[in-house]
Structure formats: structure tokens, C-alpha cells
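Novice: got a predicted structure plus its sequence, pasted below:
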Amino acid sequence: MPINPNVHTSAASSESAPLLTFSVISDIHLRAGVSDWGYAICDRTAENKFAGALHDLYAIDARTDAMVINGDLTVTGLPSDYADMIKVFEHNPHPANTLFSIGNHEFYAGFYGKSGKRNVRTFPNGVTEETCVSRFLANTRMPALYYDRWIEGYHFIVLGTEQSIITNRKTGDGAYLSDRQLNWLKQKLAESPVNHPVFVFLHEPIPGSVAGTLKYDVRDASKLVNVLQTHPQVILFTGHTHRTLKSPQDDVYHNGYTEFNDSSVRYPVISQQRWLTDSEGLYVKVYRDKVVVKSRDFTHHVWIHDYIVPVYPNYLHFMRSQP
């Protein structure tokens, strides 16, 4: 499946009206409550960037069909961080269809004691994974850790790690998807029309795919890849790396399915040592024969790059034609 980078915005805008539009952002990292040193804290920059992204996307398309906030909603996963995230979210424009995925930072409550102050020595400070997942579900009102939703006839599938560093140090900041979740994903992909793109969301990227990945970003990643490759219409969106969308050769990856990096609202990075002051994410337009993915700089209100993913009317023929 070829992907053509840097399609001019003007060319895409001359098309007839899309059948579906949605945005994908992640790594908003809201933070409020008690700092690591025990002082009151509220990250106004994170608040302003999140609000700015919501307003910029609303100005682009006030009638968009959906938004996905793809993990790392908070810094600590503590109630005070969630309260700050909800405050900003509810006081700024957003689609009624807003989906959330869980990120590794939603499990970071294990690094904090009852006072809210960071305490690594007593990790996990009585915090369980069940507490972190329950807190995520209660604050985002999502139906489960992994779930699907149909929007305007298109299938959205949200995945989520079932294990964290709290119970398995090998997982670290990566994702663990059980065989049960992978079998569920296989069933959901089988329900999807073969002539439609299927949109899949996971906070952590496939190792070796988009920019900035690490080998432990998804445990036993080959199992997930094997499922995704059964449906070449899959478009997977991932965050976590924070890598800027201003490096187009690293934004997109293809391996029988298509994967896009969605950068970070709070702080995109060029590398681990070089942070940007911008705020970035994706806006997606779906047509009958293609999907246009547009990367956006929310801070300066400008487009960065466009990508086109063709939609194959008969993907079974496409599969047979591959070497």
C-alpha cells in the first residue's frame, strides 16, 4: 500500500466533502495538586496547550465527527491531575464523540504517597493497577480499557495496556496486550467492512515503527502485528514518543497496515535532549477512496504535512496480489 507524503493542502481542500472527519491528539499531560517536593502545583502551560489545541481544531472543523485523546492524559494518574484535565476539557469546545485511551502515565500514581508527594522508595505506595484503571474509566467515562465504537459507519477500535510497572517491571512504560484482548481485536477487525478503513488507537507504538520507539514499547509486539496484518485497511495511531511531526519521514510506517505518530500536545520533541515549545496533533479526513491525514501545529495554527492512504475497494484482492 503506497503512501504519498507531502500532498499539498490545497489539493486536498479542493475535494468534495469528506464522509468523516476526526482528530487525534495525545500526551496532553495535565498536572495539578502537590509537586514532587510537596508544594502546590498547577501546570498552566499544559492547560493552555490543551485548551489551545481544542480551540484550533474547532476553528478548523466545528462539525467534526470525533476526537481521540490517545493516552497520557495526566502526569501522575492522581485524582488531582484528572480533575484538572476534566476542567479544561469541559470548558473548551470538543466533539460529543470524544474517545480516550489509557497511557503509561495513568499508572504513575504508584510513585506517589497518600500526601500526593512523590515517594519512589515506597513504590507502589499501596496503589494497584485496578485502582489506576478504575480511575481512568471513571474520569473519562469510557466503557472499558479496550473497546470499539462505530462513527458514521466507520469502525474505531481503542486498545489499552493491561499491565504496568506496578506489577511487572519488565513492562516498564510499555504496553501489554493479553491474548484475550488480541483475540477480541481479531474479532472486531472481522466485523469491519473490507472496503472501509479501520481506525485503531494505542498509546504505545509498535517497536521499530515510527520515530522514537523502543524495543519494549509493546511487549510481544509480533502478536499484535500479526493481527493487524490480517486487515491492510487498518490505520493505527500511536503517541508516547512525543516525536515532532516536523520530521515527515518518521511520521508514518507501513508493514501490511499503516501506523501514524500523533506527537504530543504538551511537548513535542526532536530527540530526548531537544524539546520544542510547540503543540502538535493530527486531523483526519476520510473519503470513499482515500484517507487524508494532516499533521498540525496548534501553537502557530499551521499545517505541517499531509499524507494520503488509499482505500482499496477489495482488500482480499490486494492481499492475494502481494508477493
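Specialist: In hand now; what should we look at?

Novice: for this structure, give me the ranges with low pLDDT.
Specialist: The chain contains residues with pLDDT under 70 at 1-15, 248-249, 272-273, 313-323.

Novice: OK, contacts around residue 250?
Specialist: Contact analysis of residue 250 by CB atoms under 8 Å, 6 or more residues apart in numbering lists 210, 211, 212, 243, 261. In short, each C-beta sits where N, CA and C put it, glycine included.

Novice: ok, and the most crowded of these?
Specialist: The member of these that has the most neighbours, counting by other CB atoms under 10 Å, is residue 261 with 29 neighbours.

Novice: which non-adjacent residue is nearest the residue most central in space within the chain?
Specialist: The centroid of the chain falls nearest to residue 70 when counting by CA atoms, centre = their mean (2.6 Å). With CB to CB, 6 or more residues apart in numbering as the criterion, residue 70 has its nearest non-adjacent residue at 3.7 Å, and that residue is residue 26.

Novice: the one you found and residue 281: what is the separation?
Specialist: The span separating residue 26 from residue 281 equals 7 Å under the rule CB to CB, to the nearest Å.

Novice: anything in contact with each of these two?
Specialist: Residues touching both residue 26 and residue 281 (CB under 8 Å, 6+ apart): 262, 263, 265.

Novice: and for the first one, the neighbour number?
Specialist: Per other CB under 10 Å, the neighbour tally for residue 262 reads 32.

Novice: same question for the one 5 residues further on.
Specialist: Using other CB under 10 Å as the criterion, residue 267 is surrounded by 19 other residues.

Novice: with the one 10 residues further on instead?
Specialist: Using other CB under 10 Å, residue 277 is surrounded by 9 other residues.

Novice: show me where this structure has helices.
Specialist: Counting by DSSP state H, the chain has helices at residues 9-13, 44-60, 79-90, 129-140, 179-191, 221-228, 315-321.

Novice: so which of those helices comes closest to residue 109?
Specialist: helix 129-140 (5.8 Å; CB to CB).

Novice: now residue 296: how far from residue 87?
Specialist: Distance check for residue 296 against residue 87: by CB to CB, it reads 24 Å.

Novice: higher neighbour count, these two?
Specialist: Remark: of residue 296 and residue 87, residue 296 carries more neighbours, 24 against 14, as counted by other CB under 10 Å.

Novice: residue 40 and residue 34 touch, don't they?
Specialist: Yes: counting by CB atoms under 8 Å, residue 40 does reach residue 34; the two are 6.7 Å apart.

Novice: which of the two has more residues huddled nearby?
Specialist: Taking neighbours as other CB under 10 Å, residue 40 and residue 34 compare with residue 34 leading, 18 against 10.

Novice: dump the residue contacts of that one.
Specialist: 40, 41, 80, 115, 116, 117.

Novice: how near is the second one to residue 118?
Specialist: So that's residue 41. 11 Å.

Novice: and for residue 301?
Specialist: From residue 301 to residue 118 the distance is 36 Å (CB to CB).
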